[in-house]
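Visitor: pasting the sequence and the predicted coordinates here, then a few questions.
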2 protein chains.
Amino acid sequence: MHVYVSFFIRPDLREPLMADFPNATFTFAPHDVNEEALATANVLLTYGEDVTEDMLEKAPQLQWIFVASAGIEKLPAQAIVERNIIVSNVRGIHKKPMAESIIGHILALKRAIPWMYEQKKKGEWSQDVRQEELNGSTALILGPGAIGGEIGRILQKFDVTTIGCNRSGERAKYMDETITFEKLKDYLPNADIVLSLLPKTKETDRLFSYDHFVSMKETAIFMNFGRSNIVEESVLIGALKEGQIASVVLDVFDEEPLSKDSELWTLDGVVISPHISSRSSRYVERSLAIFKPSLRKFMQGYRNLENIVDLKRGY
Amino acid sequence: MHVYVSFFIRPDLREPLMADFPNATFTFAPHDVNEEALATANVLLTYGEDVTEDMLEKAPQLQWIFVASAGIEKLPAQAIVERNIIVSNVRGIHKKPMAESIIGHILALKRAIPWMYEQKKKGEWSQDVRQEELNGSTALILGPGAIGGEIGRILQKFDVTTIGCNRSGERAKYMDETITFEKLKDYLPNADIVLSLLPKTKETDRLFSYDHFVSMKETAIFMNFGRSNIVEESVLIGALKEGQIASVVLDVFDEEPLSKDSELWTLDGVVISPHISSRSSRYVERSLAIFKPSLRKFMQGYRNLENIVDLKRGY
């Protein structure tokens, strides 16, 4: 068994990995493609962004790609499907750091924490600020999967009503109620927080139009931590400028890095999280904790690995 | 029954209050003392800061002071005790807004949210920042009462180990373990978050010395949301400057407003919450929700009201 790793793993994590699998060969190629090693690689560990058709051609023995990230849009889907290569990812890995980031952003806004930072810089003592409470509010969570569920689980402990929104309307965990996309407009007027965690698919494309923002509370926080395709950036900016909603927190953008010229940088009420909400100093450690049991299974001949991704479906 | 209210209550809250108690007379005197009304007042609703011995002398019929705040240090304790006036407060009221503020501050620091705000101001896209995770860490909560318990309850849902610390070491709710003040030094080296909610008493005075900070993790967050007497400000500043701890979040100060000259304003790693963590746009509404059942009991002749404060004990 030959495992090819295309990202950097610290020695203190790399050594236990090799020790755990004495019957496997590991190639660590975090900087350049090692074509010789690829030629015999059976398993590829990657963040997903470096996998090209060309790379796949150089890896004729490849049977399994383990993507240490949730987004798999950049994978050459057709080539992978044709060759029947298994793709699995680290679906669960993002839920804790992302939930912490998202709830951190919400609490910061509700409790006037950005204002406190500004006051400190000015050296100005003041108590003259409006602070809201999170408890008693309603959160509409689009895409209530593993990450949305983790956020719902914690929000419920803050006494927040959680409404999940997905394609089927099928009941989702830690949601007080789950609705279909069709019902979205009926529920927007009562939501204090609207959070999207949706993947990029045909159904989610431009799900939000100007009218959706008009129907929202003027005090609402709109958060996009899924994919940017759900709303046109200019529509979102317009709605915020008109005061249709109070705040926007974005982790995803049409263009990344976000252009220097984007109005989002200068607009009040916008928080820019530069696609880092899932990052953590413990990320690789966590990825390997998910990878190891799967590798063990794979080496025993099983193919029913954890978190298998259906590339035809897109997530 | 004559109820004297010394703080401002919005008409939309004032009217239902009067409607609920048709047999009581209300005097609303949010700006100046109404001596004539005081002369016949049986109940005083106050934020606690305006009550003086002189005021009490002018209110010979006073039997109960309802303090819509948790701190009762400014009350003329001796005069109140001598006249057997009941004092009750809104102990529970702060727990939700305070828990939200405190957890908001913790998550903001862990997830690099202040850094994101700065990057936005600079218009600079970068992902080059260290983000920690809250889950898996240990919080040491000094004074695990109603507020500390609420924070512990939520922190446990973030998979944080909660250690309560009080005088008796008596088991406190939502604490995985409770220790006495004497054990503090043994537990500090393992704490990622040290949060004080302690009242000002003889036992809590200068509870933290320089050595305590030396024994803490260099990555620790020290938070004081109780009273400032637990540590000398200069000791805290010294420990932070030396890197004995990473961050300090303060809601309470020796001098309030904090002096323009205080080094806390300019020191990195300090967050100043100008004694507003318990504030909320829903504060008065909440106070009245606690007051009303007590007033009902009181008018029926009962004296075993909610949240009675023992002024001899100090909290």
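Guide: Done, it's in.

Visitor: going by C-alpha atoms from here, please, whenever you check contacts or count neighbours.
Guide: Noted.

Visitor: so what's the residue count around residue A:286?
Guide: Neighbours of residue A:286 under the rule other CA atoms under 10 Å in any protein chain shown: 16.

Visitor: now the helices for the stretch 151-300 of chain A?
Guide: For the stretch 151-300 of chain A, helices defined by DSSP state H, counting those that start in this stretch occupy the ranges A:184-187, A:210-214, A:233-241, A:283-299.

Visitor: let me see the confidence value for residue A:315.
Guide: Turning to residue A:315, the model gives it a pLDDT of 50.

Visitor: repeat that for residue A:44.
Guide: In this model, residue A:44 is scored at 98, pLDDT.

Visitor: kindly report the same for residue A:92.
Guide: So, for residue A:92, pLDDT stands at 81.

Visitor: contacts only, for the closest residue to it other than its chain neighbours.
Guide: The shortest distance from residue A:92 to any non-neighbouring residue, by CA to CA, 6 or more residues apart in numbering or on different chains, is to residue A:146 (6.3 Å). Counting by CA atoms under 8 Å, 6 or more residues apart in numbering or on different chains, residue A:146 makes contact with A:91, A:92, A:95.

Visitor: now for the second one, how many residues are close by?
Guide: By that I understand residue A:92. Residue A:92: 17 neighbours (other CA under 10 Å).

Visitor: what's residue A:43 sitting at in phi/psi?
Guide: When read as degrees, to the nearest 10, the backbone of residue A:43 gives phi -130, psi 140.

Visitor: wait, doesn't it sit right on residue A:62?
Guide: Yes: between residue A:43 and residue A:62 a contact is recorded at 5.8 Å, counting by CA atoms under 8 Å.

Visitor: so which of the helices of the stretch 151-300 of chain A is nearest residue A:306?
Guide: Shortest distance between residue A:306 and the helices of the stretch 151-300 of chain A, using CA to CA, is found for helix A:283-299: 6.5 Å.

Visitor: pull out the buried positions in that closest one.
Guide: Across helix A:283-299, burial judged by 16 or more other CA atoms under 10 Å in any protein chain shown covers A:283, A:284, A:285, A:286, A:287, A:288, A:290, A:291, A:294, A:295, A:298.

Visitor: leaving out sequence neighbours, find the closest residue to the second one.
Guide: Once its chain neighbours are removed from consideration, residue A:284 has its nearest residue in residue A:9; the separation is 6.9 Å (CA to CA, 6+ apart).

Visitor: same question for the third one.
Guide: The shortest distance from residue A:285 to any non-neighbouring residue, by CA to CA, 6+ apart, is to residue A:13 (6.8 Å).

Visitor: do the last one as well
Guide: Leaving aside its sequence neighbours, residue A:298 sits nearest to residue A:305 (CA to CA, 6+ apart; 7.4 Å).

Visitor: what of the first one?
Guide: In space, and not counting its chain neighbours, residue A:283 is closest to residue A:93: 7.8 Å by CA to CA, 6+ apart.

Visitor: would you say that neighbour is within a helix?
Guide: Yes: judged by DSSP: H, G, I helix; E, B strand; the rest coil, residue A:93 forms part of a helix.

Visitor: correct me, but it touches residue A:289?
Guide: No: judged on CA under 8 Å, residue A:93 makes no contact with residue A:289 at a distance of 9.5 Å.

Visitor: any idea which helix or strand comes after whatever helix or strand residue A:119 lives in?
Guide: According to DSSP states H and E, residue A:119 maps onto helix A:113-122. Sequence-wise, the next helix or strand downstream of helix A:113-122 (DSSP H and E) is strand A:138-142.

Visitor: what average pLDDT does that next one get?
Guide: Mean pLDDT, computed over strand A:138-142, is 98.

Visitor: mind exporting that strand as CSV, just the C-alpha atoms?
Guide: Written as CSV, here are the backbone C-alpha positions of strand A:138-142 (Å, rounded to 0.1, in the frame of the first residue of the first chain):
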residue,chain,number,x,y,z
THR,A,138,-34.6,32.7,16.0
ALA,A,139,-31.9,31.3,13.7
LEU,A,140,-32.7,30.1,10.2
ILE,A,141,-30.0,27.6,9.1
LEU,A,142,-29.8,26.8,5.4
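
Visitor: and the residue nearest to residue A:285, its phi and psi?
Guide: Main-chain dihedrals, residue A:13, degrees, to the nearest 10: phi -100, psi -30.

Visitor: quick one, what contacts the residue of the stretch 201-315 of chain A found nearest chain B?
Guide: Residue of the stretch 201-315 of chain A nearest chain B, by CA to the nearest CA: residue A:280 (5.1 Å). Residue A:280 makes contacts with A:97, B:130, B:131, B:132, B:133, as judged by CA under 8 Å, 6+ apart.

Visitor: neighbours of the last one, just the number please.
Guide: By that I understand residue B:133. As a burial measure, residue B:133 scores 20 neighbours (other CA under 10 Å).

Visitor: OK, contacts around it?
Guide: Residue B:133 neighbours (CA under 8 Å, 6+ apart): A:96, A:97, A:100, A:280, A:281, A:282, B:110, B:111.

Visitor: same check, this time on the second one
Guide: Contacts were defined as CA under 8 Å, 6+ apart; by that measure residue B:130 touches A:280, A:281, B:112.

Visitor: pLDDT and distance to residue A:48 added to these, as JSON lines?
Guide: Formatted as JSON lines, the contacts of residue B:130 follow (pLDDT from 0 to 100; distance: CA to CA, whole Å):
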{"residue": "A:280", "pLDDT": "92", "distance to residue A:48": "18"}
{"residue": "A:281", "pLDDT": "89", "distance to residue A:48": "19"}
{"residue": "B:112", "pLDDT": "98", "distance to residue A:48": "25"}
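
Visitor: ok, those residues vs residue B:197, which is closest?
Guide: Nearest to residue B:197 among these, counting by CA to CA, is residue B:112 at 24.7 Å.

Visitor: picking that back up, contacts for the helix holding residue A:119, please.
Guide: A:108, A:125-126, B:104-105, B:114, B:117, B:265-266, B:271-274.

Visitor: near chain B, which residues of the stretch 101-250 of chain A are found?
Guide: A:101, A:103-105, A:107-108, A:111, A:113-114, A:116-117, A:120-121, A:123-127, A:130-135, A:154, A:157-158 (CA under 8 Å from any CA of the partner chain).

Visitor: surely residue A:141 is in contact with residue A:191?
Guide: No: counting by CA under 8 Å, residue A:141 sits too far from residue A:191 to count as a contact (9.7 Å).

Visitor: buried ones in stretch A:116-126?
Guide: Residues of stretch A:116-126 classed as buried by neighbour count (16+ other CA under 10 Å): A:116, A:117, A:119, A:120, A:123, A:124, A:125.

Visitor: farthest-apart pair in the residues you listed, please.
Guide: Across the buried residues of stretch A:116-126 (CA to CA), the longest gap, 11.3 Å, separates A:117 and A:125.

Visitor: domain ranges for chain A?
Guide: Recorded structural domains for chain A (assignment: automatic domain parsing) are A:2-93+A:283-299, A:133-272.

Visitor: could I get the ones you listed as JSON lines with distance to residue B:204?
Guide: JSON lines is the format used below for the domains of chain A (distance: least, CA to CA, whole Å):
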{"stretch": "domain A:2-93+A:283-299", "distance to residue B:204": "40"}
{"stretch": "domain A:133-272", "distance to residue B:204": "30"}
